[in-house]
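K.L.:
Predicted coordinates and the sequence they were generated for:
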Amino acid sequence: GGGGRPGTFDDVVGAVEAGAAEAARSADRGRGARHVVAGHSAGGHLALWAASRHRLPAGSRWREAGRAPRVDRVVALAPVADLAYARELRLSDDAVAGLLRGADARTPAGGAQAEIDPARLLPPRAPVVILHGTADPDVPVGVSRRYTAAAAGSAGDVVLHELPGVGHYASVTPGTDAFALFLAALQDARGRPTGRVGGGA
């Protein structure tokens, strides 16, 4: 449907719920299989949001129901983790406003944004690892710093690794040191022994 709200979020919920249902049917779930969600930039925003759906209002179409979490771990790369701050900075030609197009007319504009903003839905239900370069011109590292600080205030399990001198795309570019750190974070999130992810805070 061209993205935006609500379509993008319907798609995320559909994917996460389908994955959780498949995991529940799989014998691997009983052996400790993990459901890890990862995303870069706008995708990082969606990964963080997927782990915070339990914080949505009771009437929300996207609220996570039930006791079993659908997401076990999040790895977010240069995420747009704080939509209010991103909108204040007018990142990517005010992409947040574009994301909100199609918002339900019955929902106030501020409420529509809050419903999809990970920084307003803390703490996340799953542990979160964020990798963010300090030289990122597209999503400044300050966005992740604000989210991490807010999460700490809510007792959320969020760890930010700042990557000195790294830009926006290195963590998704095979062959870079930042990409190697991303792979290490994924492996660690799945419970495999790895070296320390490292790099910054």
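P.N.:
Right, received. Where do you want to start? Numbers count the residues shown, from 1 in each chain.
K.L.:
From here on, just use CA atoms for contacts and neighbour counts.
P.N.:
OK.
K.L.:
any chance you could map the helices in the chain?
P.N.:
With helices called from DSSP state H, the chain shows them at 7-25, 27-30, 42-50, 83-89, 91-99, 109-115, 141-153, 177-189.
K.L.:
between these, which gets the lowest average pLDDT?
P.N.:
When the helices of the chain are ranked by mean pLDDT, helix 27-30 comes last with a mean of 56.
K.L.:
contacting residues for the residue nearest to the spatial centre of the chain?
P.N.:
The centroid of the chain falls nearest to Leu48 when counting by C-alpha atoms, centre = their mean (2.1 Å). If you count contacts by C-alpha atoms under 8 Å, 6 or more residues apart in numbering, Leu48 has them with 74, 76, 81, 118, 124, 128.
K.L.:
quick one: which of those is nearest Ser144?
P.N.:
Nearest to Ser144 among the contacts of Leu48: Ala81, at 6.0 Å, using C-alpha to C-alpha.
K.L.:
Please name the residues that touch the closest one.
P.N.:
44-45, 48, 117-119, 143-144, 147.
K.L.:
now those in a markdown table, with distance to Gly7?
P.N.:
Output for the contacts of Ala81, formatted as a markdown table (distance: C-alpha to C-alpha, whole Å):
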| residue | distance to Gly7 |
| --- | --- |
| Gly44 | 17 |
| His45 | 15 |
| Leu48 | 17 |
| Asp117 | 15 |
| Pro118 | 17 |
| Ala119 | 21 |
| Val143 | 25 |
| Ser144 | 25 |
| Tyr147 | 25 |
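K.L.:
Let me know the closest of those residues to Ala189.
P.N.:
Leu48 (14.5 Å).
K.L.:
State the distance from that closest one to Ala81.
P.N.:
7 Å (C-alpha to C-alpha, to the nearest Å).
K.L.:
Top of the contacts of Leu48 by number of neighbours, please.
P.N.:
Neighbour counts for the contacts of Leu48 (other C-alpha atoms under 10 Å) peak at Ala81, which has 32 neighbours.
K.L.:
Out of the helices of the chain, the one nearest Leu160 is which?
P.N.:
Counting by C-alpha to C-alpha, Leu160 lies closest to helix 141-153 out of those; the figure is 6.7 Å.
K.L.:
Please identify the buried residues of the closest one?
P.N.:
The neighbour-count check on helix 141-153 (16 or more other C-alpha atoms under 10 Å) flags 141-145, 147-148, 150-151 as buried.
K.L.:
other SSEs contacting it?
P.N.:
Applying 3 or more C-alpha pairs under 8 Å, 6 or more residues apart in numbering; DSSP states H and E, one finds that helix 141-153 contacts strand 128-133, strand 158-163.
K.L.:
Pro57 - nearest residue in space that isn't next to it in sequence?
P.N.:
Counting by C-alpha to C-alpha, 6 or more residues apart in numbering, Pro57 lies nearest to Arg63, which is 6.9 Å off, once chain neighbours are set aside.
K.L.:
Much appreciated, bye for now.
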